[in-house]
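Undergrad: With the input below, show me the fold.
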Amino acid sequence: MEVRIHIGKRFALLFGAAMAVAVVMALVESGRSREQVSSANAPLETSPGSSAHSSQATLDLTSTQLNSIKVEPIGTFHFPVDREAVGSIDYDGDLSVQVFPTYQGTIIATLVQLGTEVHIDQPLYTIKSPDLIQAESTLIGAAATYELTNKELARVRGLAGIAEREREQAISDQQTAEGALKAARDAVRVFGKTDAEIDQMIASRKIDPALMVRSPIPGKITSKNAQPGWFVQPGNLPAPYSVSDVTIKWMLANVVESEIALFHLGEPVEVRVIAYPDRVFLGRVAKIYEYVDPGTHRGTVRSEIADPKDELHPGMLANFVIRVKAPVVATAIPANGVVREADGTMNVWVTTDRHHFVQKNVKVGLRKDGWVEILEGLRPGELAVTDGAVFLSNMLEAPPSD
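TA: Numbers count the residues shown, from 1 in each chain. Predicted structure coming up:
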């Protein structure tokens, strides 16, 4: 009986001790949880220069170090509001002509080569045209008939006692033949034959089957598909020859759909091509096409570019720059005065005494010709490092030893 009581007391003591340990552990875990919650709600510490709450970095430069930088007052710069697009050069379609024959026929000879400068009405090629042959045959026949009726009329007028009816018939035949000859001459003249050539044809009674095809405009031969023996017809591609005024070129630029409304007819354009990297060709916007490619969501803007020396050639890749608004006058700093940090922030270095420098965070905008627009963080007149800002920023990472 005493043994049982002793064991029961011992068990009670062990049970109580275990309960006490459990309570203590629960209190510890509860405290740890409250500490974690408190830590999660506490503000994060920031590294210098990484947020608006951090202290500004400063540097004091020696006279030797000052020789590595340039300090100037902040000023303003006129930033042009430009848009750029890539396109290609082509001939001016309004100043280019495909030279087809007016009648079908077989090419006899070509008279000029590709790239040749031609003047208006200069012969380009000749064809043997069945229509011309028919017209010339009619002309020679009409000329012969006219000559015959003239002789008959002269004979009748020279006869005494000739009946009036016979005389009137001879006059009528001569007038009819004269009219037919005039019509035949006009028909041949349509083919480009001159009066001198027609007279020679009548005198010789020989048909000239060669139809001369001439250039309708002055310019340069920009394509040649004509070969002797080829059968050609009006409007049947390819044209035997093409003539273009090469002093004006088209620049066809592809612009994004969202910027089409920014372009207007007559606006000045600057064009650069890879072949002449240091040259700028000037022109103006001539047409804004209404069609937008549904796949690329780009439209086409066509500009007319002055090219008096014929230096631009069709197919050349070109870069198109156009000013769509008046220039923006803004606070600005040379590009060497702005440092882009690893986190993407933009910093400059300012000073009041040209010895003590303070790093400031700025917001930048437009860039042009080595200048950067400052939207926030600087005012005109402040002294800032305009060249060598990277040198100061590097000193923060690894300050130079004395």
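Undergrad: Let me see the residues that make contact with the host helix or strand of residue 212.
TA: Here residue 212, judged by DSSP states H and E, is contained in strand 210-214. Identification of contacts with strand 210-214 by CB atoms under 8 Å, 6 or more residues apart in numbering yields 99, 101-103, 105, 108-109, 121-129, 132, 191-192, 240-241. C-beta coordinates here come from the backbone N, C-alpha and C atoms, glycine included.
Undergrad: May I see the PyMOL selection of the buried members of the residues you listed?
TA: Buried subset of the contacts of strand 210-214, written as a PyMOL selection, criterion 16 or more other CB atoms under 10 Å:
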select buried, resi 99+101+103+105+108+124+125+126+127+129+132+191+192+240+241
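Undergrad: Filter the contacts of strand 210-214 down to just the ones in helices.
TA: residue 132 (DSSP state H).
Undergrad: before we move on, back to that, strands paired with the strand holding residue 212, and their directions?
TA: strand 123-128 (antiparallel) (DSSP bridges).
Undergrad: What strand or helix carries residue 392?
TA: Residue-wise, residue 392 maps onto helix 389-397 under DSSP H and E.
Undergrad: Following the chain onward from the helix-or-strand element of the chain with minimal mean pLDDT, which element is next?
TA: The least trusted helix or strand in the chain, going by mean pLDDT, DSSP states H and E, turns out to be helix 2-41, with a mean of 41. Later in the chain than helix 2-41, the nearest helix or strand by DSSP H and E is strand 58-60.
Undergrad: show me where the stretch 151-300 of the chain has helices.
TA: 164-189, 195-204 (DSSP state H, counting those that start in this stretch).
Undergrad: okay, the ones you listed, which one's buried deepest?
TA: Comparing the helices of the stretch 151-300 of the chain by mean neighbour count (mean count of other CB atoms under 10 Å), helix 164-189 ranks first with a mean of 15.
Undergrad: average model confidence for that one?
TA: Here helix 164-189 scores 90 as its mean pLDDT.
Undergrad: and that helix, how far out from the chain's middle?
TA: Distance of helix 164-189 from its chain centroid, counting by CA atoms, centre = their mean, to the nearest Å, is 63 Å.
Undergrad: Please list all residues in contact with the closest residue to residue 174 other than its chain neighbours.
TA: Counting by CB to CB, 6 or more residues apart in numbering, residue 174 lies nearest to residue 149, which is 4.1 Å off, once chain neighbours are set aside. Counting by CB under 8 Å, 6+ apart, residue 149 makes contact with 170, 173-174, 176-178.
Undergrad: which residues sit against the helix holding residue 392?
TA: Contacts of helix 389-397 (CB under 8 Å, 6+ apart): 49, 57, 59, 61, 68-69, 336-339, 341, 347-349, 357, 359, 385.
Undergrad: make it 6 Å
TA: 57, 59, 68, 337, 339, 349 (CB atoms under 6 Å, 6 or more residues apart in numbering).
Undergrad: Could you say which of the residues you listed is surrounded by the most neighbours?
TA: residue 337 (28 neighbours; other CB atoms under 10 Å).
Undergrad: tell me the phi and psi of that one?
TA: The phi/psi pair for residue 337 (degrees, to the nearest 10) reads phi -100, psi 0.
Undergrad: For it, which non-adjacent residue is spatially closest?
TA: Ranked by CB to CB, 6+ apart and with sequence neighbours excluded, the top spatial neighbour of residue 337 is residue 386, at 4.3 Å.
Undergrad: Adding distance to residue 212, write the contacts of helix 389-397 out as a markdown table.
TA: Converted to a markdown table, the contacts of helix 389-397 look like this (distance: CB to CB, whole Å):
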| residue | distance to residue 212 |
| --- | --- |
| 57 | 84 |
| 59 | 85 |
| 68 | 77 |
| 337 | 71 |
| 339 | 73 |
| 349 | 78 |
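Undergrad: Return the closest of those residues with respect to residue 366.
TA: Of all the contacts of helix 389-397, residue 366 sits closest to residue 337, with 15.3 Å by CB to CB.
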